[in-house]
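A.B. asks: below: sequence and its predicted model.
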Amino acid sequence: MTTYLSKQKKGDLQDMAKQAGLSGYDDMLKDDLVTALDEKLRADSSKFAGNPIFAEFYKRGGSPTARRRKTIVAKVKDEAADAVNGAEDAAADTSTALATRTPRAVQRIAERVPLPPSPKVVSDYIARSQASFSTKLSDMYKKSGTTEAIEGVRDTASTVVAIEVLCNLIEAVGLQTETFPWRYAFDIPAIPAIKSHAYAVKLPDFFVLVTSFFWAPSTLWLTTSLFVPLLFAYFFNFSLSIRGQGARTRSSPHVYKFDPLTYNVSKALVTWLVYSQGFRFNGFWSDETVARVDGALFGGYQGVLIGTAIGALASLYEAILQKH
């Protein structure tokens, strides 16, 4: 009889349990419900034998007297079959429940995730983000004053004075290597952890500032590259002649206190006389000092002549541009 009950659906079993007056059947699993219902119908067979709902149950199982005569082997077989069928039904119920609940769970998760309504919304959002980032970056660049600084540097460098300063700075750097030597001071020890080697640190020898070793070549270079050329450029200043031609306009040439063309011509002439023709300012500087300066300058005195040629061409070009 248990086999008969185990083959029934759970809904039918619940109806039978209701008719049999079995309590708590709603919360029972199918196997528990089959066992409880079987025991109930066996115990009250005289009461439910005439009920048409249980007629099939008693028809397959026979009378209560016949049921008692069943052997132990038959009971074991019946219970084994019940266990197998119950496991199959439980697996089927579990699979059905999972198949029923899984889509609903997925649907709930999908409802929680905010998805864009269309790809166009995503592309518009990306475009707005890029535009906002570009605007902020442009504002930061403007507030930093980088553009004004670059324009200022360009305006300053686009003059003859900037070219002259650059040429003299290159000469001074070359002279420094000869007149201001660097002496060994100490070692930075090696660090095995980073596999570094010992490094010798050198510092400027400031004691040469009180010796002729520094001042003899320095004063010679200052005289030939600055003092004498500036003296000629101040007195032979051709740009001063434009002052008597009326008020200046935006197109009028710029008036320099030191004429740049005269400066470059006089510097080239003095350099050629001192370093090439042996002019020593009446013996004020020795041949050794002149040789030291000539050897320290980049390209020798010929490098100085090239710098003066560049400065002269720049001054002529500037004068032509201002005239037109």
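C.D. replies: Ah, there it is.
A.B. asks: please count neighbours and contacts with C-alpha atoms only from this point.
C.D. replies: Will do.
A.B. asks: which residues touch residue 184?
C.D. replies: Taking Cα atoms under 8 Å, 6 or more residues apart in numbering, we find residue 184 in contact with 200-203.
A.B. asks: can you give the domain ranges for the protein?
C.D. replies: 2-112, 159-323 (automatic domain parsing).
A.B. asks: for this protein, which helix or strand comes out least confident on mean pLDDT?
C.D. replies: Ranked by mean pLDDT, DSSP states H and E, the helix or strand of the chain with the weakest confidence is helix 64-68, at a mean of 44.
A.B. asks: so where's the stretch 201-324 of the chain shaky on pLDDT?
C.D. replies: Low-confidence segments of the stretch 201-324 of the chain, defined by pLDDT under 70, span residues 242-254, 324.
A.B. asks: swap in 90 and give it another go.
C.D. replies: For the stretch 201-324 of the chain, applying pLDDT under 90 flags the ranges 202-209, 237-257, 278, 282-283, 318-324.
A.B. asks: and residue 191, what are its phi and psi?
C.D. replies: phi -120, psi 100 (degrees, to the nearest 10).
A.B. asks: list the contacts of it.
C.D. replies: Taking Cα under 8 Å, 6+ apart, we find residue 191 in contact with 197-198.
A.B. asks: my guess is residue 189 meets residue 201, correct?
C.D. replies: No: with contact defined as Cα atoms under 8 Å, residue 189 does not reach residue 201; the gap is 10.5 Å.
A.B. asks: okay if I get the domains of the chain as a markdown table plus distance to residue 153?
C.D. replies: Conversion of the domains of the chain to a markdown table gives the following (distance: least, Cα to Cα, whole Å):
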| stretch | distance to residue 153 |
| --- | --- |
| domain 2-112 | 58 |
| domain 159-323 | 10 |
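A.B. asks: what's the closest of the ones you listed to residue 134?
C.D. replies: Residue 134 lies closest to domain 2-112 among the domains of the chain, at 33.3 Å (Cα to Cα).
A.B. asks: any idea of the pLDDT on the closest residue to residue 197 other than its chain neighbours?
C.D. replies: Residue nearest to residue 197 in three dimensions, not counting chain neighbours: residue 190, with 4.5 Å by Cα to Cα, 6 or more residues apart in numbering. pLDDT for residue 190: 88.
A.B. asks: residue 190: neighbour count?
C.D. replies: Counted by other Cα atoms under 10 Å, the residues lying close to residue 190 total 12.
A.B. asks: ok, residue 265 - contacts?
C.D. replies: 308, 312.
A.B. asks: so it belongs to a helix, correct?
C.D. replies: Yes: under DSSP: H, G, I helix; E, B strand; the rest coil, residue 265 falls within a helix.
A.B. asks: before we move on, back to that, okay if I get the contacts of residue 184 as JSON lines plus neighbour count?
C.D. replies: Formatted as JSON lines, the contacts of residue 184 follow (neighbours: other Cα atoms under 10 Å):
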{"residue": "200", "neighbour count": "11"}
{"residue": "201", "neighbour count": "12"}
{"residue": "202", "neighbour count": "13"}
{"residue": "203", "neighbour count": "11"}
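A.B. asks: out of those residues, list just those in strands.
C.D. replies: 200-203 (DSSP state E).
A.B. asks: now, which of the residues you listed sits nearest residue 217?
C.D. replies: Looking across these and measuring by Cα to Cα, the closest to residue 217 is residue 203, at 20.7 Å.
A.B. asks: residues in contact with the closest one?
C.D. replies: Residue 203 makes contacts with 182-185, as judged by Cα under 8 Å, 6+ apart.
A.B. asks: farthest-apart pair in those residues, please.
C.D. replies: Farthest pair in these (Cα to Cα) is 182 and 185. Separation: 9.0 Å.
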